[in-house]
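> Got a sequence here, can you model it:
(one chain, ligands or ions: 2)
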Amino acid sequence: MLPARSTIGILGGGQLGRMLAVAALQLGYRVIGYAPAGDNVAADACTAFITADWDDAAALAEFAAACDVVTWEFENVPISTVAAIPQPRLACPLRALEVAQNRFHEKQFIAELGGTPAPYTRVESEADFAAAITRIGTPGILKTARDGYDGKGQWRVRSALEAGGVRLPGVTCIYEGFVTYETEFSVILVRGQDGAIRFWDSTANLHDGGMLTQSVLPAGALVEAQVPAARELAAKTANALGYVGVLTLEFFATRNGPVFNEMAPRVHNSGHWTIEGAATSQFENHIRAICGLPLGGTATRFEAIDMRNIVGDAALTAHRILAEPGEPHLHLYGKREAREGRKMGHVTRVGHALK
Ligand SMILES: Nc1ncnc2c1ncn2[C@@H]1O[C@H](COP(=O)(O)OP(=O)(O)O)[C@@H](O)[C@H]1O
Ligand SMILES: [Mg+2]
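Residues are numbered from 1 along each chain as shown. Ligands and ions are numbered 1, 2, ... in the order given. Next up is the predicted model:
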């Protein structure tokens, strides 16, 4: 167990890091953040923050030397950056990041564990793309293999005719068949250093243009029926990686069972409701896991939960939400620019407490 006043390092400076830092401070730890220059809202909640490029060897060495344990809040931290952290300080296995950073590897990895991804194929050239359209058909989605988030780096292809008008982005892509689903859901688990796993309840997740807008509980009968199989796959994934901390797998609930979408080796937007809605939040349990503390319970505390993201300039008037009935819980991330499509905060509403 890492003693109080030990230092947790967090790679990445976004809202997930901010909420992880708050949880770490509550448990008596110090937090040092690290990210390249930008709107690093995690810095507000960190004991210290190093602003440096991902490949700044001197800054990374200084960061690593100051930390007792290092985690990440952003899954696109370059592998070379994480590899520069001495192995014993790394909380989560580097392999988890390697797998999750490439949609192709991710789907292959999950398929080998018995999961079912959407039909997919690699696209490096116009000829590959034409072959993909022939083999997988339309509708489908072309995605960059790396660096996508919140639906960025994705192009929907409704018909073969439309495929003709798609300009490839010049990086390795993956083409996936469009999955016809009833609901999207995610499995969020925490795995301790002793290998014990706990799951939070799965919310139904709503997206707009590829970006999560809302997560709700209860998630409905179809999701509930598919959660056991999805959890089994998520646990296999965590065990295969020797994972420690919070891991998320996203799924489509289809008439033929759960279809794997992607994994995130970190806390997840669809788990923000756990701050008020669960016995222990995803942020706190991630910190507990990487520090070797006993894990907290993950049970849902209310009969209904509704988490909504606050996006773009809606954040400018978000404090007004506090006047609404039902005791909404408002979280603003303190971002400087309320750009369109940018996640600025979230609000969680809960129903009656469960007995
Ligand atoms: N193959 C697919 N079929 C149907 N919808 C999809 C598919 N792939 C992605 N989507 C939609 O786009 C969203 C974002 O895609 P995802 O692969 O999760 O990328 P990101 O890394 O941006 O979250 C998904 O949550 C889903 O709503
Ligand atoms: Mg996603």
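> who's in contact with stretch 310-318?
Under the contact criterion CB atoms under 8 Å, 6 or more residues apart in numbering, stretch 310-318 has outside partners 211, 213, 330, 332, 335, 338-347. C-beta here means a position set from N, CA and C on the backbone, and glycine is covered the same way.
> tell me the least confident of those residues?
The lowest pLDDT within the contacts of stretch 310-318 belongs to residue 338, with 86.
> Let me know how buried the closest residue to that residue other than its chain neighbours is, in neighbour terms.
Nearest non-adjacent residue to residue 338, counting by CB to CB, 6 or more residues apart in numbering: residue 313, 4.5 Å away. Residue 313: 14 surrounding residues under other CB atoms under 10 Å.
> Spit out the contact partners of residue 333.
Residue 333 makes contact with 14, 15, 18, 41, 343, 344, 345, according to CB under 8 Å, 6+ apart.
> got these as a markdown table, with distance to ligand 1, secondary structure and neighbour count columns?
Shown next, in a markdown table, are the contacts of residue 333 (distance: CB to the nearest ligand atom, whole Å; DSSP: H, G, I helix; E, B strand; the rest coil; neighbours: other CB atoms under 10 Å):
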| residue | distance to ligand 1 | secondary structure | neighbour count |
| --- | --- | --- | --- |
| 14 | 14 | coil | 20 |
| 15 | 15 | helix | 24 |
| 18 | 20 | helix | 25 |
| 41 | 20 | helix | 21 |
| 343 | 12 | strand | 19 |
| 344 | 18 | strand | 23 |
| 345 | 19 | strand | 22 |
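> Give me the domain ranges for the chain.
7-91, 119-177, 183-350 (automatic domain parsing).
> I'd like the mean pLDDT over the shortest one, please.
Averaged across domain 119-177, the pLDDT comes to 93.
> what about that domain and ligand 1, any contact?
Yes. Domain 119-177 comes into contact with ligand 1 (CB under 6 Å from any ligand atom), by way of 141, 148, 149, 150, 151, 176.
> Emit the ChimeraX select command for whichever of these are buried.
Buried members of these, defined by 16 or more other CB atoms under 10 Å, are picked up in ChimeraX with:
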select :141,148,150,151,176
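> residue boundaries of the helices in the chain?
15-26, 57-66, 79-83, 94-100, 103-112, 126-136, 160-163, 221-241, 274-277, 282-290 (DSSP state H).
> re earlier: report the buried members of the contacts of stretch 310-318.
Counted by 16+ other CB under 10 Å, the contacts of stretch 310-318 give 211, 332, 335, 338, 342, 343, 344, 345, 346, 347 as buried.
> Look up the closest residue to the first one, ignoring the ones flanking it.
Just to be clear, that refers to residue 211. Residue 211's closest residue in space is residue 150 (CB to CB, 6+ apart), at 4.2 Å.
> Test my guess that the one you found contacts residue 208.
No. Assessed by CB atoms under 8 Å, residue 150 is found out of contact with residue 208, at 10.2 Å.
> Enumerate the residues of the stretch 251-355 of the chain near ligand 1.
So the stretch 251-355 of the chain meets ligand 1 at 261, 262 (CB under 6 Å from any ligand atom).
> which ones are touching residue 21?
Contacts of residue 21 were listed using CB under 8 Å, 6+ apart, and they are 10, 31, 33, 42, 45, 46.
> And for residue 304?
216, 217, 218, 350, 351, 352.
> Please render those residues as TSV that adds pLDDT, distance to residue 109 and neighbour count to the earlier fields.
Shown next, in TSV, are the contacts of residue 304 (pLDDT from 0 to 100; distance: CB to CB, whole Å; neighbours: other CB atoms under 10 Å):
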residue	pLDDT	distance to residue 109	neighbour count
216	98	29	19
217	98	29	23
218	98	30	16
350	97	36	21
351	94	37	14
352	95	41	8
